[in-house]
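1. pasting a predicted model and its sequence here:
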Amino acid sequence: MNIKSLLLLGSAVASVSFTGAQAADAIFVPEPEPIEYVRVCDVYGAGFFYIPGTETCLKIGGYVRYQINMDEGDNGWKKRARANINFDARSETEYGTLRGYAELWFQRDTSNTPGYTGSVRVRQAFIELGGLYFGNKVTLWDGDLAGEYDDWGFSDEIHTVGYNFAFGNGVNLALGVEKAGENTNYRVNVVGKLGISQGWGSVNVWGGYDADDKKWNAKAIGEFKLADPLTLQVAAAYASGANRYAPGGDYKWAAGAHLKYKVTDKLAVGFGGEYFGKQYGTNNNDWAIGGVVDYEVVKGFATKLAVNYYDGDSYSSDANHWGGFLRLQRNF
């Protein structure tokens with residue numbers, strides 16, 4: 001074998017060795033997963049988006065509020081900070097819209113209690129399918145005037161099961177059973193609400209029965225557009241006895257009105273009052289009046305100033321009559 005043959009053989013061996021080493025050390029990079037962008041869901045209004053990989057639409061919202069409360073006779077500041085977070089998930093089924101809604105309050109007030117760090121409140125947690133709803137929900141009885149002086153009965157959250165009938169043309173009927181308090185009995189309260197909303201305004205009528213106190217109640221609130229910037233609300237309520245749904249909790253009847261004027265797109269002022277007649281147990285008649293100024297500083301940041309005055313048979317000459325608050329709120 002001559003020198004030329006040896007060189008050719010060496011080159012071939014080196015080539016095979018180098019190719020094998022390269023094959024052993026090769027790194028294979030997998031194809032990147034396709035990116036799934038968040039899609040806007042405009043079926044249920046603004047703010048909803050599709051949860052990636054599903055056909056469920058989700059909206060996250062709420063507000064952050066800072067409020068300074070004022071009452072005649074206060075000896076110091078009364079402040080409140082609250083963060084409200086809500087989650088609204090919806091999708092379509094053969095039985096109608098399936099909805100899950102949760103609302104949480106994280107709140108801290110000024111307090112003289114050592115170690116107080118605030119509170120967490122499950123404001124709402126309910127499920128809807130079509131018109132059927134069940135869970136912890138703001139009472140169907142909830143409804144009041146635009147002022148901050150009035151009290152038309154129970155307006156908090158409560159365990160409930162009910163159904164909404166939407167008839168179209170702005171007409172809606174809702175019926176619900178509600179249970180408050182501890183599990184010491186199987187009694188439930190019954191509430192119904194009939195509403196109509198048109199271009200001229202709206203009228204809502206409620207009927208309710210408190211099974212714990214064995215009393216029935218009725219309430220009606222109308223809102224009428226008198227002119228483009230001017231709106232009038234009127235309301236009346238009746239209770240057969242002191243109970244959860246009675247106006248003020250223990251008055252036989254009540255009547256009130258509130259006038260709201262929209263000065264500009266950002267500024268609105270309102271004034272009104274409520275008369276509370278024949279308090280059960282005392283037969284007292286009382287009344288309240290108040291004014292409200294709402295101003296939107298920028299989109300998403302609103303302020304509210306409310307000043308109220310209370311008087312009547314239940315108030316002595318040295319009682320606290322004045323109250324109100326200043327509220328700053330960032331909505332999102």
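-> Cool, the structure landed.

2. where does the prediction get shaky in the stretch 1-150 of the chain?
-> For the stretch 1-150 of the chain, the stretches flagged by pLDDT under 70 are 1-26, 28-30, 32-36.

3. if we go to 90?
-> Scanning the stretch 1-150 of the chain for pLDDT under 90 picks out 1-38, 73, 75-77, 111-117.

4. strands of that one, start to end?
-> 49-50, 57-71, 78-93, 96-109, 119-129, 132-138 (DSSP state E, counting those that start in this stretch).

5. including mean neighbour count, could these go into JSON lines?
-> Using the backbone N, CA and C atoms, a C-beta is placed for each residue, glycine as well. Shown next, in JSON lines, are the strands of the stretch 1-150 of the chain (neighbours: other Cβ atoms under 10 Å):
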{"stretch": "strand 49-50", "mean neighbour count": "16"}
{"stretch": "strand 57-71", "mean neighbour count": "16"}
{"stretch": "strand 78-93", "mean neighbour count": "16"}
{"stretch": "strand 96-109", "mean neighbour count": "16"}
{"stretch": "strand 119-129", "mean neighbour count": "15"}
{"stretch": "strand 132-138", "mean neighbour count": "17"}
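
6. between the ones you listed, which one is nearest to Leu230?
-> Minimum separation from Leu230 across the strands of the stretch 1-150 of the chain (Cβ to Cβ) falls at strand 57-71, 27.4 Å.

7. show residues contacting that closest one.
-> 41, 43-44, 47-51, 77-91, 103, 320, 322-332 (Cβ atoms under 8 Å, 6 or more residues apart in numbering).

8. find the centremost residue of this structure, please.
-> Glu103 (6.9 Å; Cα atoms, centre = their mean).

9. so where does Tyr261 fall, helix or strand?
-> strand 251-262 (DSSP states H and E).

10. which residue packs closest to Val203, ignoring adjacent ones?
-> Gly222 (4.5 Å; Cβ to Cβ, 6 or more residues apart in numbering).

11. will you turn the strands of the stretch 1-150 of the chain into TSV that also has distance to Gly199?
-> Shown next, in TSV, are those (distance: least, Cβ to Cβ, whole Å):
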stretch	distance to Gly199
strand 49-50	32
strand 57-71	28
strand 78-93	28
strand 96-109	26
strand 119-129	28
strand 132-138	27
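
12. to Gly168, which of those strands lies closest?
-> When the strands of the stretch 1-150 of the chain are compared (using Cβ to Cβ), the closest one is strand 96-109, at 14.8 Å.

13. pLDDT below threshold where in the stretch 151-300 of the chain?
-> Short version for the stretch 151-300 of the chain, where the test is pLDDT under 90: 180-184, 227-228.

14. show the residue spans covered by the helices in it.
-> Assigned by DSSP state H, counting those that start in this stretch, the stretch 151-300 of the chain shows no helices.

15. can you tell me how far Lys219 sits from Ala146?
-> In this view, Lys219 and Ala146 are 16 Å apart by Cβ to Cβ, to the nearest Å.

16. higher neighbour count, these two?
-> More neighbours surround Lys219 than the other of Lys219 and Ala146, with 24 against 16 (other Cβ atoms under 10 Å).

17. what sits against the more buried one?
-> Going by Cβ under 8 Å, 6+ apart, the list of residues near Lys219 reads 141, 143, 152-153, 205-206, 208, 235-238, 245, 247.
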